[in-house]
Structures are given as C-alpha cells and as structure tokens.
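Chemist: Fold the following for me, if possible:
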Amino acid sequence: MAFASLPPELRSLCRRLTATKAEQLPPLLPSLLKDLLRCQEPLSKPQEAKTSENSSESAILVHKLKTQISTLLNSRATQGRFVGVALVKCAIETSGWECLRTSELWVRGILSILQRKDPAVVKDLCIVTLIKIYTLMHAYPTLVREIVTPTLPTFATACLQILKPPASSKAAKIPTSLVEHIFEAFSTIVPLYPTTLRQFSSKLRAETRPYIAPTISDATIIPSSLQASSRRLAIKLHMTAVKGGDSSEWAKHLDGLIKTFHSTADQVFRAVQENWESTSGHVPGSMLQQGDFDKEPHGGSTNLDQLPPWVGLYAGSQRIIALLDFIGEYLRCRTKTVVTIPVSAIVDIVARISSILPPSQRGNKSTSIQLNPAIGREEKDELWAVFPDIQFAAIKLQHTVAQRLGKNFMPIAQESLEQLLRMFESSYRLPEIRTATFLLIKDILKLCGPTMAKLTVESLSLVNKACRRDLLGSAGHLKRPKQTASPSQAGQKGKTISQNADAFLSNKADDESILTTLSSDHISTAVALLTTLFSHAPQQHIPSSLRAQMLRTAILCQSRDAQVASVLHPARDKSGRTPQVILPYLIQQFPHDESVEILRFNFRPMATGCRSDLMDVDDELIDDEPLVQPLSNGLSIDGPFAFGSATPYDMPVHKPAEAPRDPSPVRVVETIAKVPNPFIPKPASKMVARSEEERIATVQSPPAIPLKRKNEGEEITISKRIEVDRTTSKTPSTSALVPAALSHATPAAITAKTDAPNEDDEDSDDESVHLNMDLDSDGDDDDGEEEV
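Modeler: Numbering: from 1, shown residues only. I've put the predicted structure just below:
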C-alpha cells in the first residue's frame, strides 16, 4: 500500500505559518510539530535547490516550508525565534540527510540566536538542536567538513560566554539547568570531535571546577544532576589530548583525585588515631602539625588545577563523599582507548574508611578506635554524625568496582567483603546502608558464593537477619518489640519516672505486628539477596535454624523467586535427607505460575525420612530396569507392586515366632556395580559404607526345598522370610519387588535368612514361604538369587 505523495498536513502547515503572527505561534507549536512529523515522505525526497514552474506541488510546498522556518529564525520576536528553532529540530529528525545537507543556513541562524540575550529556555532549545545536528552529521564526512568544522568553534565560544560572561556584561546569573545542558552537550560532542574541541579543553575544565565537589563553604547549592554532568565532562576531556596520550591523561587525573582524597581525609579523620597502613606509602596525618589542631579542618586551594577551598568538618565530609563519587564516575564512563585501573589504590581508600570503627552503643571499648586527645568533643561528635554518609559512599564505590571488573573482581572479593561487613556492622540502622550492602553482597555471592568457606558464610548472619527483618516488616509480619525498663530506670526506685500508662493494659500489644515503610528499590533488593542466599550460598554451611527462618520469610512475604530457589537448592543433613521442603506452600501460593508448574511435575525431592523409607526405596526401584519375568509362585513384577496372576492373592504380613536357631553360613558374594543415578547426590562416605555392608550381609541359603501350600483356596500368608523353589525348570528365577508393607523394615530384616531344613518344618501346618533376596541400594539389574 503506497502512501499519499502529498499529505494534507503539509499544505495546512504552510498555510498556518503564513497566516499567523510570530507572537501567536507558541500556543500552536504542539499542533505544528504534529503536522510536521506526518510530512516525513515529502521532506525526505530529493528536492531541487530552486523551484520552477514545472516543479511538483510537493516540491513547492517543501521549499515554502523551509523558507518560512528560516524567516522565523531571523524574526525580531523572541516567540518567533523559539518556534523556528523547534521546527528546525523536528524537520531534521523527520527528514534525515535531505535536510541535513541544506541545514547550514539553519545552523548559522541558531548560532546567532545563541549569542543573543534571549531567555534561558530559548538558549536551551538552541543547544539541544545544534547538538542533534552535530551528532547526526558525524556519520557523513562531507557534511562534517562543510558544516561542522567551520561552525563548531563558534558554538563552543558561545557556550563559554554563557558560562562565564565578561566582567563588563550586566547579564543576570544563568540558571543551573542551562549550565547542566551545556555540560551535557559538550560531553556528547567531545568524543565525536575531540580534535576540533582540543583548544577549549582547559577552559571547559576550569568551568567544571566549582561543580565537581561542592561544599557548604561555597555558599551555593548545586543540584546532584549538575554535579554528575560536570564530572562526566571533566572525565571525557582527556579524549582531547594528543593522539596516544589520552590514556596517560586519564590515569594522571585519577591519581590526582586519590591523592586529594587522602589529604582531605587527613583533616576530616584527625579526631581518631588511625591504624590503617597504606599500600601506596601514604602515612595518615603526616601533613598535620600540632598547631593545626587549634584550627578547624580545612583544605582545597584557589588554584585552577585544584578544587575550591573548604573549612569545617561538615564541608570536609561533603568533599570526601564527592571525591568518592567522582572516582566511581571515572570507572563508569567509557573511554576510547584501553586504560589501567588502579585497583589497589581504590581498595586502599575503602580500607582506610572501613578501619575506623565508631564507638559502640553497647559500650564495648575493645572494638572502638582510639581517639585523638588533642581534638575537642564537639568535633568528635560531628565526625560520628557524618561518618555513616562517608561509609555509604565507600560502599557505592565498592559496588561500582565490582560491576566494572566483573569476574576480575574475584581476587579482591574476600577482602572487599570483610571491609563491607565491618562498615555494615556499625551503620546497618540506616536503610541506605542496608540497600547498598544488599546489592554488593548479592554480586559477590553470584561471583564466588559456591566456593565460600563456612566462616565466611557465618559472617553473613547479620546481613541475613537485616534482610529478613526488612522483608517481614514491609509485609506486616514483624512483631512489635516488648517494652522493657532500662537498667538506669530499674535502679531509680525513689525517683519519679514518666512511663507509658497504656503499656500496663492487657491489650495483647505483644502479639501485634508493625508495618515498616521502605522504598520499593529497597524491598526488591532485599528479595534479590534472599533469593541469592538460597541459590548461590553453600547450603551445607547455613545452620538449619537460620535456613528455616529464611524459608519462613520467603513464605510469609510470598516471594516466588526465593521459594523456587530454595526448592532447587535444598539443604541436606549428614544422612543425605532433605528435612525442609516447601514445595506444597509454593504450589498453594502460585498455582498458575509456569515455573512452579514445572517444579510440580518434574521435581522429586530426596527422601525426608530414614534411608529405608518408602520414598528412598521407590527412588531406587524406579532407577532399575523393569523386570518382566514371572516368578514360580505366580507373581509378576512387570509393574511396581503389581500381580501378574489372573487370580490375585491377598498376602497379609505377620511376624513368625522367634526361636533360637543356628546362624546360617555367610559367604562373600561379589555384587554387580551399577552406575548411580546422577540426579540423586550421595556422599562418598555413605557409598563406601553401604558397599561394605552389601558385601558382608549376603547370606548363603540352604538346599532347595519345593514350595508347599496347605490349601489352594486359602490366602497365602507371607512372612518376612519367603522360600522359593530354585529347582523349578519351567520358570527362571528372578529378583522380587518388596511389598509396601516390607519397605519400612530395616536393611537387616530385608536381607533374607533361612534355617536349616528339619522334619518339623516339613510337617508343620504353619509352614511359611521363605524368599532369599538381596535388595541392593544401587538396584542391581541382574536376575538376583532366589534360594530355598
């Protein structure tokens, strides 16, 4: 189906632009842009430079539209210029190369608007439109040579004048949103045209200096989005270096940031005596002198190569947090060439922060760090107030390193986990600390969780508890803590202490649940960590009581992923049993889920009872090949617990009278080893023990005695010992399946034993049928031995 060559929107668009004044166009801009987007086909067709009388109506209207847009760009009214820039951007995105090749006039018109004293919104639109044009032209070298190279320096100069107007200019202070758009614009085009913008790199770096790591000493509030955009631009400016020097420039700037961090930390952490030893040779507090303790912490410099100065501990903590985020941004931003990441220096930064342990609320002085007596109490209290924010920034830096390195993070995973747990133990009361910790531990478990040692898994108990508490609290299943009197209140009997009178009422407050409010990201992160603890942590190292609490949390919070992971990765005790199977709960909560249905029909858990249990025996019998040869007594084993005779017999079980008898001679019989089922894991020690038991428990049967029945019409009574005629020539002997009533007997009782033949046995009316059978745990496929 072919589209119409001349859409009606094109004629309507040209008519409205001609008939409407420039001042009245902004309210019509949404409808104008909609009509322009529907004119893609005529705009993208090749057009003549000049129209003639023989030109088609479509070419005439397209030429008229372009002329009207150019007229709006040169309009005296600000509204007209704004609408003209918006129409240029829409036409470029709609038509593609056909409008790009003729857009030089539009580019120069937009550059002239950018240099005017128009409102910030108009300049924002001009910057966005020019960056769009420059980005699309990068794929066409001819257009780059003819349009981009001559006009790009003018664009950079105009943007720098907006960022730093001349001293003689009376221009008002520009909004931070415009500054952010300028930084984002240069971050986009610097990788595309690094050589053209090389002459502006030093000026751009100087302009980003106040926004990279702002503090309260700057007396201005910088939005976080502006900080992030300025950092990205500062990082990408290394691409403007001379060919071959961009990687060294990148490493040089990152090394300078690390040194700035340590110098700032010397001032901020001067209230404590650090026991951290640097791998790079930096000595903590080496630059401090005794006289510096009388002044407030300070740092920075007025030099353009360094960050602005700061004064005060709170300002210093802001500078440290900003530097940590800046280092993380260095790892997130892509580079054109291969660079060397200073992993040891970054790990050293986190080690310095994690080595500082705030005073414990329980008063345990052995775990706290030593304080500097030369620093006042006020500064120490202020340090402990801002220190959790510094720990949060350090955890985010660790997570960034783990994401960037991927599998290469494994050599430092153990050290990073220890640092993380030290910081988490002192600040887990903060939700943001818990969220960042859950994310990092989830990544570490996915990377090297199955190989963790038992002590490492046990060290995650506090994180596990915090994760479960957050999930239960968000689901409304967290019990309200009991109100107990503090020791200080208990000892003050003579003094008047205000207490809550409602606490003494019997309103069953202890049974009430509390509901905690956490962000959706926090809850999803906690669910992901709980699922990872089931799927990637060694389940044999998790205590059974702790795993039961994890299963309870997964069921109460209705976490499908966590429950499925627990079913797929069960915990087994020393005897190989699976004591905790929650598949029924999972099926009940998610009856229509596809993954649950797959588990329901395909998953068969290991035995949950003793080894001779019905579930264990059934697993072994199914693994064996079906035996179809009938027995001499009319029984057939072509199906489990099925009878092959036309007239089935009901065979009740009774215990024979125990009488002292001579032990049967025992002989060692070589059993045929069968390949074990790979889907039923069995410990090696148990395999060896059971093999030895099979070797010594096989019994030599006495001579064969013909099978005797007292009455054919009566039911056959089967005891635990069954005699089968081995000399029968009509039917070969075969192994028999154990009835369900016998499957719960002990292995010793299942192994048949026979007494020596005597006359009393032959004349007895209560003669029992004896069957000598070897029930191998491995389910041998041989014919077995049936002896009388």
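
Chemist: When you work out contacts or count neighbours from here on, use the C-alpha atoms and nothing else.
Modeler: OK.

Chemist: So Phe438 sits against Leu529, correct?
Modeler: Yes: Phe438 is within contact range of Leu529, at 6.0 Å (criterion: CA atoms under 8 Å).

Chemist: which of those two has more neighbours?
Modeler: Higher neighbour count among Phe438 and Leu529: Leu529, with 26 against 23, using other CA atoms under 10 Å.

Chemist: where does the more buried one land on pLDDT?
Modeler: pLDDT for Leu529: 96.

Chemist: Am I right that it is in a strand?
Modeler: No: under DSSP: H, G, I helix; E, B strand; the rest coil, Leu529 sits outside any strand and is assigned helix.

Chemist: Just give the nearest non-adjacent residue to it, would you?
Modeler: Distances taken as CA to CA, 6 or more residues apart in numbering put Lys442 closest to Leu529, at 5.4 Å, once the chain neighbours are dropped.

Chemist: what separates the one you found from Lys236, distance-wise?
Modeler: 31 Å (CA to CA, to the nearest Å).

Chemist: The two: which is more packed in?
Modeler: Each of Lys442 and Lys236 has its neighbours counted (other CA under 10 Å); Lys236 has more, 24 against 21.

Chemist: Relative to Ser354, how far out is the residue nearest to Leu529?
Modeler: Lys442 sits 20 Å away from Ser354, going by CA to CA.

Chemist: Same question for Leu515.
Modeler: The gap separating Leu515 from Ser354 is 32 Å, by CA to CA.

Chemist: in the stretch 251-400 of the chain, which ranges drop under the pLDDT threshold?
Modeler: Within the stretch 251-400 of the chain, the stretches with pLDDT under 70 are 285-291, 361-368.

Chemist: Swap in 80 and give it another go.
Modeler: Low-confidence segments of the stretch 251-400 of the chain (pLDDT under 80): 280-281, 283-294, 360-369.

Chemist: before we move on, back to that, neighbour-wise, which of Leu515 and Ser354 wins?
Modeler: Legend: neighbour count by other CA under 10 Å for Leu515 and Ser354, higher for Ser354 (23 against 15).

Chemist: so that one makes contact with Leu417?
Modeler: No: look at Ser354 against Leu417 with CA under 8 Å: they stay out of range, at 10.9 Å.

Chemist: Low-confidence stretches in the protein?
Modeler: Confidence mapping of the chain against pLDDT under 80 gives the ranges 1-6, 46-57, 165-172, 243-245, 280-281, 283-294, 360-369, 480-513, 573-581, 603-788.

Chemist: Flag every buried residue along the helix or strand harbouring Ser474.
Modeler: In this structure, Ser474 is located in helix 461-475 according to DSSP states H and E. For helix 461-475, the neighbour count (16 or more other CA atoms under 10 Å) marks Val463, Asn464, Ala466, Cys467, Arg468, Arg469, Asp470, Leu471, Leu472, Gly473, Ser474, Ala475 as buried.

Chemist: how about the residues you listed in JSON lines, adding distance to Thr264?
Modeler: Listed next are those as JSON lines, based on distance: CA to CA, whole Å:
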{"residue": "Val463", "distance to Thr264": "31"}
{"residue": "Asn464", "distance to Thr264": "35"}
{"residue": "Ala466", "distance to Thr264": "33"}
{"residue": "Cys467", "distance to Thr264": "34"}
{"residue": "Arg468", "distance to Thr264": "38"}
{"residue": "Arg469", "distance to Thr264": "37"}
{"residue": "Asp470", "distance to Thr264": "35"}
{"residue": "Leu471", "distance to Thr264": "38"}
{"residue": "Leu472", "distance to Thr264": "41"}
{"residue": "Gly473", "distance to Thr264": "39"}
{"residue": "Ser474", "distance to Thr264": "39"}
{"residue": "Ala475", "distance to Thr264": "43"}
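
Chemist: Tell me the one of those nearest Phe392?
Modeler: Set against Phe392, the nearest of these by CA to CA is Val463 (15.4 Å).

Chemist: contacting residues for Ser280?
Modeler: By CA atoms under 8 Å, 6 or more residues apart in numbering, Ser280 lies in contact with Ala345.

Chemist: re the thing from before, give the intersection of the neighbour lists for Phe438 and Leu529.
Modeler: Joint contacts of Phe438 and Leu529 (CA under 8 Å, 6+ apart) are Cys467.

Chemist: what's the first-to-last distance across stretch 19-35?
Modeler: Length of stretch 19-35, first residue to last, CA to CA: 16 Å.

Chemist: Just the residues contacting it, thanks.
Modeler: Contacts for stretch 19-35 (CA under 8 Å, 6+ apart): 9-10, 13, 72, 75, 77-80, 82-83, 87, 90.

Chemist: let's go with 10 Å and repeat that
Modeler: 7-14, 16-17, 36-37, 72, 75-84, 86-87, 89-91 (CA atoms under 10 Å, 6 or more residues apart in numbering).

Chemist: PyMOL command to pick out the buried ones of those residues?
Modeler: Buried members of the contacts of stretch 19-35, defined by 16+ other CA under 10 Å, are picked up in PyMOL with:
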select buried, resi 7+9+10+11+13+14+17+36+37+72+75+78+79+80+81+82+83+84+86+87+89+90+91
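
Chemist: sorry, back to before: and which of the buried residues of helix 461-475 is nearest Leu43?
Modeler: Nearest to Leu43 among the buried residues of helix 461-475: Ser474, at 55.6 Å, using CA to CA.

Chemist: I figured that closest one hits Gln558, correct?
Modeler: No: with contact defined as CA atoms under 10 Å, Ser474 does not count as touching Gln558 (11.9 Å).

Chemist: for this protein, which helix is longest?
Modeler: Taking DSSP state H as the criterion, the chain has its longest helix at helix 377-405.

Chemist: What are the buried residues along that one?
Modeler: Within helix 377-405, the residues scored as buried using 16+ other CA under 10 Å are 379-380, 383, 387-403.

Chemist: swap in stretch 243-260?
Modeler: By neighbour count on 16+ other CA under 10 Å, the buried set for stretch 243-260 is Asp246, Ser247, Glu249, Trp250, Ala251, Leu254, Leu257, Ile258, Thr260.

Chemist: and the residue nearest to Leu529, helix, strand or coil?
Modeler: Put simply, Lys442 is helix when judged by three-state DSSP.

Chemist: Correct me if wrong: it contacts Ala528.
Modeler: Yes: shown here, Lys442 and Ala528 form a contact pair, counting by CA under 10 Å, at 7.4 Å.

Chemist: Can you tell me the closest non-neighbouring residue to Trp250?
Modeler: Closest to Trp250 by CA to CA, 6+ apart is His238, at 5.8 Å.

Chemist: Then Arg231?
Modeler: Counting by CA to CA, 6+ apart, Ile212 is the residue found nearest to Arg231 once chain neighbours are left out, at 5.6 Å.

Chemist: what's near enough to touch that neighbour?
Modeler: With contact taken as CA under 10 Å, 6+ apart, Ile212 is in contact with 222, 224, 226-234, 307-308, 319, 322-323, 325-326.

Chemist: one step back: which strands and helices lie in contact with the helix holding Ser474?
Modeler: Packed against helix 461-475, as judged by 3 or more CA pairs under 10 Å, 6 or more residues apart in numbering; DSSP states H and E, are the following elements: helix 413-427, helix 431-448, strand 478-479, strand 513-514, helix 520-535, helix 544-556.
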